[in-house]
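Q: For reference, the sequence and a predicted model appear below.
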Amino acid sequence: MHHSVFRQPAEDVPVIRLRACGVGFYNVFLACGPVAGLVALHTGHELVARTLPVHLGWFVLLSSVVLAVADRLALSRPRDSAWGGVLAQGLPALVLLLFV
């Protein structure tokens, strides 16, 4: 499956598995921010509830810029193959920052 779906050779699977685990937990911890913001909002901590979305919005937007630069430099894939991910990551964050 790793070769037919992801085009990765079998010898790379252990390294990819390790990186995927790290990225998965990174995303879980990042997703805790909006949950913490909602908890803060419903417990009367309005400043915290407003600060968390702004911080996370900038974090995600700047991460999409890094992804775009990495794509242009062809750091992990052929050049110009990650624009779908750049837009999927960056546009919601940009909308959030425009309306917060």
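A: Structure received.

Q: Please go through the chain and pick out the longest helix.
A: For the chain, the helix with the greatest residue count under DSSP state H is helix 13-42.

Q: how far is the helix or strand just after that helix from where the chain is centred?
A: Using DSSP states H and E, the next helix or strand after helix 13-42 towards the C-terminus is helix 46-72. Once both centres are worked out by Cα atoms, centre = their mean, to the nearest Å, helix 46-72 turns out to sit 9 Å from its chain's centre.

Q: what packs against the following helix or strand past helix 46-72?
A: For helix 46-72, the following helix or strand on the C-terminal side (DSSP H and E) is helix 83-99. With contacts defined as 3 or more Cβ pairs under 8 Å, 6 or more residues apart in numbering; DSSP states H and E, helix 83-99 has these neighbours: helix 46-72. Bear in mind the C-beta positions are built from the backbone N, C-alpha and C, glycine included.

Q: Please point out which parts of stretch 87-99 sit buried.
A: With burial defined by 16 or more other Cβ atoms under 10 Å, the residues of stretch 87-99 counted as buried are Gln89, Gly90, Ala93, Leu96.

Q: what's Gln67 in contact with, if anything?
A: Just so we're on the same page, residue 67 is Leu rather than Gln. Under the criterion of Cβ atoms under 8 Å, 6 or more residues apart in numbering, the contact list for Leu67 reads Ala82, Gly85, Val86, Gln89.
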